[in-house]
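K.L.:
need the 3D shape of this:
(2 chains)
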Amino acid sequence: MSSLRFDISHRDGTARRGLLHTAHGAINTPAFMPVGTAATVKAMTPEAVRDTGADIVLANTYHLMLRPGAERVARLGGLHRFMNWPRPILTDSGGYQVMSLAKLRKLDETGVTFRSHLDGTAHQLTPERSIEIQNLLDATITMAFDECTAWPVTEAEAAKSMRLSMRWADRSRRAFVERDGYGLFGIVQGSVFPELRAESIAALTGIGFDGYAIGGLAVGEGQELMFATLDTTMPLMPADRPRYLMGVGKPADIVGAVQRGIDMFDCVLPTRSGRTAQAFTRRGTVNLRNARHQDDPRPLDEACRCPACRDYSRAYLHHLIRSEEVLGLMLLTRHNLTYYQELMAGLRGAIEAGTLDAFAAAFAAEQAAGDIDALATEA
RNA sequence: GGAGGGGUGGCCGAGCGGUCAAUGGCAGCAGACUGUAAAUCUGCCGGACUUUGUCCUACGAAGGUUCAAAUCCUUCCCCCUCCA
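P.N.:
Below is the predicted model:
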């Protein structure tokens, strides 16, 4: 019996619409979790994050252990109070940094020793320490410590990496302190190899987790391979527990993954792209830095309810980006996060209505049209 | 009046006889971004063409030296610093 109640209210094909109950409030699924690595969703106030429709945000063990330090956050009352986000928080275990900071770390059976990207000092992360840190942070959902298998890999390398992650998953489970409304998720690895994914799922369900994540995808393999991997992997995942596709993704990735039964997502794309001038829209992406917008008085997307679209012109957003003004980052991040959350709301509504396939088809058609002029009429 | 320094592609600024259509930076034009070492990174950036190449026009202006000049010489124009 898990301490995280997960109610699935609707199904449409293999997709599910649910509610995950936690100590910090409920999460509507399928859910998108904005990434707030350093205890902040960059360029956003927590109020603004909530206003986009987010129920939960993600923070990062590795970054927060280096600065400001897990013990300090604990002394200050935990992450929710520290960052003024009273709702659920999921913390990544540092497993992604095992991959992304490959040049700065040494890995062995015990765990990983990182050289801090901030000051070069050495810091060790083991499954036990990662779980302890996430406990100190007061994470609502704790992630097992794993190695995000890089791409490309041979099957032998992927197997070795996955099996290490499974041993670490067992240690993570043992280190986790059960509390009501808190949970621990295991992470399925195995790259794009169906047998390895199956072996990984068997290992994790044997240990028992409150939710199951799929890791090691969207690392360069491409959407087709990612979906193919989900197609063979998802039927083996426990049906009554939330399923979380880590690090995904582009809007089209999310739609396809929801159709395949994923309940939770996180991705830096809406926030990072918001800081690099790229806006996500129903008609695809728009680069607001492009000269074509400099004289355009129209809103980015007339139908969008976010402040960037509601109160400002494309020309002004373009000017802010060009001028490297902070407001430009704020507004575009706000818009992208709003777009992602509206997409999730649309997916949830479609599952409730039993019209997910039609929703996905309409989504794809509109994205393919790619005509951003159609988003706006002169105000 | 005297002494000296300098004028380089939109801007700043290297180069100081050939490997220079000319390092860098900025600006400009695009592209990328998927559990965030990212307000970052990459490409293009004199013109034309049959565009991993060829040909034009280019380093204040005009002449000159040289097989060869942004680079050396002469004159002129303009800017800056210091001394009177």
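K.L.:
hey, let's count contacts and neighbours off CA atoms from now on
P.N.:
Fine.
K.L.:
remind me what the helix or strand that contains A:I321 packs against, helices and strands.
P.N.:
Following DSSP states H and E, the helix or strand that holds A:I321 is helix A:314-322. For helix A:314-322, the elements it packs on are helix A:326-353, judged by 3 or more CA pairs under 8 Å, 6 or more residues apart in numbering; DSSP states H and E.
K.L.:
10 Å instead?
P.N.:
Identification of packing neighbours for helix A:314-322 by 3 or more CA pairs under 10 Å, 6 or more residues apart in numbering; DSSP states H and E yields helix A:307-311, helix A:326-353.
K.L.:
closest one to RNA strand B among those helices?
P.N.:
Counting by CA to the nearest atom of the strand, RNA strand B lies closest to helix A:326-353 out of the helices and strands packed on helix A:314-322; the figure is 5.2 Å.
K.L.:
my read: A:R50 touches A:I56, true?
P.N.:
Yes: counting by CA atoms under 10 Å, A:R50 touches A:I56, with 8.6 Å between them.
K.L.:
tell me, what's touching those two both at once?
P.N.:
Contact with both A:R50 and A:I56 is made by residues A:85, A:87, according to CA atoms under 10 Å, 6 or more residues apart in numbering.
K.L.:
the two: which is more packed in?
P.N.:
More neighbours surround A:I56 than the other of A:R50 and A:I56, with 26 against 16 (other CA atoms under 10 Å).
K.L.:
how much space between that one and RNA strand B?
P.N.:
Applying CA to the nearest atom of the strand, to the nearest Å, one obtains 13 Å for the distance of A:I56 from RNA strand B.
K.L.:
now that residue. Nearest residue, chain neighbours left out?
P.N.:
Distances taken as CA to CA, 6 or more residues apart in numbering put A:P88 closest to A:I56, at 4.8 Å, once the chain neighbours are dropped.
K.L.:
likewise A:D180?
P.N.:
Here the nearest residue to A:D180 in space, its sequence neighbours aside, is A:S3; by CA to CA, 6+ apart that works out to 5.3 Å.
K.L.:
which SS state does the closest residue to A:S191 other than its chain neighbours fall under?
P.N.:
By the measure of CA to CA, 6+ apart, the closest residue to A:S191 outside its immediate chain neighbours is A:G216, 5.7 Å from it. At A:G216 the chain is in coil, as set by DSSP: H, G, I helix; E, B strand; the rest coil.
K.L.:
my guess is A:G216 contacts A:F193. True?
P.N.:
No: under the criterion of CA under 10 Å, A:G216 is not in contact with A:F193, lying 11.2 Å apart.
K.L.:
any idea how far the residue nearest to A:T22 when sequence neighbours are not counted is from A:P88?
P.N.:
Distance criterion CA to CA, 6+ apart; nearest residue to A:T22, sequence neighbours excluded, is A:G181 at 4.3 Å. Relative to A:P88, A:G181 is positioned 10 Å away (CA to CA, to the nearest Å).
K.L.:
neighbour-wise, which of these two wins?
P.N.:
The residue with more neighbours, out of A:G181 and A:P88, is A:P88; 26 against 19, by other CA under 10 Å.
K.L.:
how about the contacts made by that one?
P.N.:
A:P88 makes contacts with A:21-27, A:33, A:54-58, A:80, A:138-141, A:181-182, as judged by CA under 10 Å, 6+ apart.
K.L.:
okay, and which of those residues map to helices?
P.N.:
Using DSSP state H to define helices, the subset of the contacts of A:P88 located there is A:H80.
K.L.:
which of the contacts of A:P88 count as buried?
P.N.:
In terms of neighbour count (16 or more other CA atoms under 10 Å), the buried residues within those are A:21-24, A:26-27, A:33, A:54-58, A:80, A:138-141, A:181-182.
K.L.:
need the phi and psi values for A:L19.
P.N.:
For A:L19, the backbone dihedrals (degrees, to the nearest 10) come out as phi -140, psi 120.
K.L.:
which residues touch it?
P.N.:
For A:L19, the residues meeting the contact criterion (CA under 10 Å, 6+ apart) are A:5-9, A:26-31, A:242, A:263.
K.L.:
which one is it nearest to, not counting chain neighbours?
P.N.:
A:N28 (4.8 Å).
K.L.:
mind listing the strands for the stretch 51-200 of chain A?
P.N.:
For the stretch 51-200 of chain A, the strands identified by DSSP state E, counting those that start in this stretch occupy A:57-60, A:89-92, A:105-107, A:112-115, A:122-125, A:141-143, A:183-188, in order along the chain.
K.L.:
contacts for the third one, please.
P.N.:
It stands for strand A:105-107. Applying CA under 10 Å, 6+ apart, the set of residues contacting strand A:105-107 is A:97-99, A:112-116, A:122-126, A:147.
K.L.:
average pLDDT for stretch A:62-71?
P.N.:
On average, the pLDDT along stretch A:62-71 is 96.
K.L.:
how far does it stretch from one end to the other?
P.N.:
Between the opening and closing residues of stretch A:62-71 we find a distance of 13 Å, counting by CA to CA.
K.L.:
do that stretch and RNA strand B meet at all?
P.N.:
No: taking CA under 7 Å from any atom of the strand as the criterion, stretch A:62-71 and RNA strand B are apart, separated by no less than 7.5 Å.
K.L.:
next, the buried residues of that stretch.
P.N.:
By 16+ other CA under 10 Å, the buried positions in stretch A:62-71 come out as A:62-66, A:69-71.
K.L.:
go on, stretch A:235-254?
P.N.:
Counting neighbours by 16+ other CA under 10 Å, the buried set in stretch A:235-254 is A:237, A:241-254.
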